[in-house]
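Student: need coordinates for the following:
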Amino acid sequence: MQQLADKLPPSLKSMLQANAKSRLLARVDTVLMVFDAKIYDLANNSWRSVTVAEGVSQAESIAMAARELLAQHDTRPTVLLLLPSSEFIATQVNMPGVARENLRSALALQTAVQLPSYERALAFTVNPSAKSDGAADIVLWTDEQRIDALFEAFAAQDIFLTAVLPRAVAAAGAMHSAGAVQINDADATHLTRLVYRDGVLTHYLFLSKQDLGDEEFARQWQEQCLALESETEQVKNMLGAQDYSDLSQQVKADLEYSFLPNGASEARRQAEKGKRLSYLAVAALLVVLLSSSPFLWQSFQISRLESNLQALQEDSAQARADQALVREFELSWGVLNEFPLQNISQTLLELQAVLNPSVLTSIEIDEGSVEIEGESPDPQSLLQQLEENSLFTGVDFARATNNNRYFIELSLSTVDYDAYRQWYFPDARR
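Tutor: Below is the predicted model of the structure:
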């Protein structure tokens with residue numbers, strides 16, 4: 001069944017994967033948020049401090065604080081965890097030649113190129129929705145081992161960590177604004193400014209407050225923030241945990257920008273295995289139906305191929321016209337330009353170098369065929385030297401030698417009159 005899934009069209013596979021992810025995120029019943037070394041339950045704004053003790057990782061500290069915070073839950077909580085922007089990296093990418101449905105695959109192949117200095121494995125999210133303005137895509141990255149460690153730490157506390165999401169993105173998604181909304185997120189150490197339009201991140205700025213001590217950084221930051229405000233219809237300041245709690249009823253997992261830990265994805269695969277098999281069975285049935293209708297399938301294939309052919313012909317029209325012009329020129333002038341040249345002077349010089357000190361008494365050259373006659377103290381050696389010269393081919397005695405007298409015939413390897421006549425005068429008789 002997995003082999004069948006691999007053969008499905010990319011658009012169908014993406015749809016099945018998106019549906020499975022959506023069903024998993026729909027199970028979230030608790031939204032927790034990390035803000036200034038505290039973890040909050042947005043449903044009631046209760047919180048616990050996150051204290052990292054010696055020998056305990058930060059992920060384990062967050063999970064233990066979450067367990068204390070959710071101690072009153074009767075069932076195993078299914079959690080969406082909102083993390084500060086310092087846990088993520090935002091980059092801009094522009095891939096104009098890549099189809100939108102292939103954007104994630106292209107990014108996966110270029111992970112090392114996008115962030116070459118980051119040595120650990122990275123997970124990324126991006127919204128592949130088509131954009132008409134041709135702007136760059138905003139890609140969010142995070143440490144894959146980090147979110148996997150969080151999943152394992154939460155699992156050890158009997159909490160199912162479904163997804164991780166930048167808290168500023170969660171606030172933007174909760175605004176439900178018809179136009180562009182700007183989120184200004186600030187905590188004790190960092191500032192985040194992002195613009196979210198119709199479910200797509202269009203701008204993402206992040207700065208450590210320490211950098212504001214540099215006048216040049218502070219000036220550039222203010223300029224960029226003013227530029228963002230001019231592009232948005234609504235600005236929302238998220239300056240504390242209470243601001244997020246006020247949006248608690250609207251905050252939910254973002255289908256495109258939520259990071260799924262590998263453990264959650266595996267749990268989802270196991271839980272959805274039966275449903276996935278059903279979907280694949282339906283897809284297989286559709287494939288069988290299409291295959292059993294050869295005329296319909298062939299008509300579709302012919303239509304698609306004709307469309308591709310027409311597009312290719314339109315794109316190559318100029319090139320074919322140029323090719324025809326070049327071919328016409330070659331046919332018109334090739335009979336002159338490609339006439340075999342025997343280069344008599346070079347032939348005589350090569351013969352002189354080989355024959356010396358022998359005597360040449362007669363030479364005849366006709367369409368690349370050469371006959372020489374003369375006297376030599378060693379005609380057999382002379383024949384061998386002519387055979388070794390790359391200018392000559394088909395070297396042989398024309399008739400028997402008489403003492404020192406030689407008669408040798410050979411051909412020039414640089415000309416081919418037969419091929420020339422066959423190409424330009426195929427109907428001519430010799």
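Student: any idea of the pLDDT on residue 330?
Tutor: pLDDT recorded at residue 330 is 72.
Student: same check, this time on residue 370
Tutor: So residue 370 comes in at 90 (pLDDT).
Student: residue contacts, the residue most central in space within the chain?
Tutor: Residue closest to the average C-alpha location in the chain (Cα atoms, centre = their mean): residue 106, at 3.1 Å. Neighbouring residues of residue 106 by Cβ atoms under 8 Å, 6 or more residues apart in numbering: 95, 98. The C-beta positions use only the backbone N, C-alpha and C, and glycine is treated the same way.
Student: doesn't it lie inside a helix?
Tutor: Yes: Residue 106 sits within a helix when classified using DSSP: H, G, I helix; E, B strand; the rest coil.
Student: mind checking which helix or strand of the protein has the lowest mean pLDDT?
Tutor: Scoring the helices and strands of the chain by mean pLDDT, DSSP states H and E places helix 2-7 at the bottom, with a mean of 48.
Student: any regions of the protein where pLDDT drops low?
Tutor: 1-18, 130-134, 177, 271-279, 287-297, 400-402, 428-430 (pLDDT under 70).
Student: end-to-end on stretch 39-51?
Tutor: 10 Å (Cα to Cα, to the nearest Å).
Student: then stretch 249-259?
Tutor: 21 Å.
Student: in it, what's buried?
Tutor: Under the neighbour-count criterion of 16 or more other Cβ atoms under 10 Å, stretch 249-259 has 251, 252, 253, 254, 255, 256, 257, 258, 259 buried.
Student: related to what we said a few turns ago, distance of the residue nearest to the centre of the chain from residue 142?
Tutor: Distance of residue 106 to residue 142, given as Cβ to Cβ, to the nearest Å: 19 Å.
Student: got it, and residue 336?
Tutor: 70 Å.
Student: and residue 425, by the same measure?
Tutor: Using Cβ to Cβ, residue 425 is found at 74 Å from residue 142.
Student: of those two, who's got more company?
Tutor: More crowded of residue 425 and residue 142, by other Cβ atoms under 10 Å: residue 142, with 18 against 11.
Student: could you confirm that one falls within a strand?
Tutor: Yes: using three-state DSSP, the assignment for residue 142 is a strand.
Student: my read: it touches residue 164, true?
Tutor: Yes: at 7.2 Å, residue 142 counts as touching residue 164 under the criterion of Cβ atoms under 8 Å.
Student: joint contacts of these two?
Tutor: Jointly contacting residue 142 and residue 164 under the rule Cβ under 8 Å, 6+ apart are 87, 259.
Student: would you map the helices across the stretch 101-250 of the chain?
Tutor: Here the stretch 101-250 of the chain has its helices, by DSSP state H, counting those that start in this stretch, at 103-109, 111-114, 144-156, 167-174, 215-229, 241-245.
Student: go on, the stretch 301-430 of the chain?
Tutor: In the stretch 301-430 of the chain, the helices defined using DSSP H, counting those that start in this stretch lie at 317-337, 344-355, 379-388, 417-424.
Student: can I get the longest one in CSV, CA atoms only?
Tutor: Output of helix 317-337 as CSV, limited to C-alpha atoms (Å, rounded to 0.1, in the frame of the first residue of the first chain):
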residue,chain,number,x,y,z
ALA,A,317,9.5,29.0,-33.0
GLN,A,318,12.3,31.6,-33.2
ALA,A,319,15.0,29.0,-32.6
ARG,A,320,13.5,26.8,-35.4
ALA,A,321,13.4,29.8,-37.8
ASP,A,322,17.0,30.5,-37.0
GLN,A,323,18.0,26.9,-37.5
ALA,A,324,16.2,26.8,-40.9
LEU,A,325,18.1,30.0,-42.0
VAL,A,326,21.4,28.5,-41.0
ARG,A,327,20.6,25.2,-42.8
GLU,A,328,19.7,27.1,-45.9
PHE,A,329,22.9,29.0,-45.8
GLU,A,330,24.9,25.8,-45.3
LEU,A,331,23.2,24.2,-48.3
SER,A,332,23.8,27.2,-50.5
TRP,A,333,27.5,27.8,-49.6
GLY,A,334,28.5,24.4,-48.3
VAL,A,335,29.3,23.1,-51.8
LEU,A,336,32.0,25.8,-52.0
ASN,A,337,33.1,26.1,-48.4
